[in-house]
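Undergrad: No sequence on hand, only this structure:
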């Protein structure tokens, strides 16, 4: 699944609906979430990414420090209060 632009506000709810339909059709396949086109993620978007990872074990594709941080955070690897830190 590829996300582009801003994962904020109403876009978070739309992403959640899309994820639910994708998850229903995954079967035994592993979900990969491509964050390389993302420019901003708000608190709701961060929670959604974390929920996706928790529910599915999804891996994230990221290519910038910002998208790598969002991926690490979603996977529970970012330290509280530290940008880019890994446990």
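TA: Yep, it's here. Bear in mind that the values here come from a model prediction, so they are computed numbers and not experimental data.

Undergrad: who's in contact with the nearest residue to residue 22 once chain neighbours are set aside?
TA: Once flanking residues are discounted, residue 22 sits nearest to residue 1: 5.7 Å by CB to CB, 6 or more residues apart in numbering. All C-beta spots, glycine's among them, are computed from the backbone N, C-alpha and C. Neighbour list for residue 1: 18-19, 22, 31-34 [criterion: CB atoms under 8 Å, 6 or more residues apart in numbering].

Undergrad: Name the residues that touch the biggest helix by length in the chain?
TA: Longest helix in the chain, counting residues (DSSP state H): helix 9-26. Helix 9-26 has contacts (CB under 8 Å, 6+ apart) with 1, 3, 5, 7, 31, 42, 44-45, 48, 52, 55-56.

Undergrad: worst-scoring helix or strand of this structure, pLDDT-wise?
TA: Using mean pLDDT, DSSP states H and E, the weakest-scoring helix or strand in the chain turns out to be helix 9-26, at a mean of 87.

Undergrad: who does the helix or strand just after that one pair up with?
TA: Moving toward the C-terminus from helix 9-26, the next helix or strand (DSSP states H and E) is strand 32-41. If you go by DSSP bridges, strand 32-41 pairs up with strand 2-7 (parallel), strand 59-61 (parallel).

Undergrad: For residue 77, which of those strands is the nearest?
TA: Among those, strand 59-61 comes nearest to residue 77, with 10.7 Å by CB to CB.

Undergrad: Now that closest one: buried residues?
TA: By neighbour count with 16 or more other CB atoms under 10 Å, strand 59-61 contains the buried residues residue 60.

Undergrad: what mean pLDDT does the following helix or strand past it have?
TA: Next along the chain after strand 59-61, taking DSSP H and E as the criterion, comes helix 65-74. Mean per-residue pLDDT for helix 65-74: 95.

Undergrad: Report the buried residues of helix 65-74.
TA: Buried residues in helix 65-74 (16+ other CB under 10 Å): 66-74.
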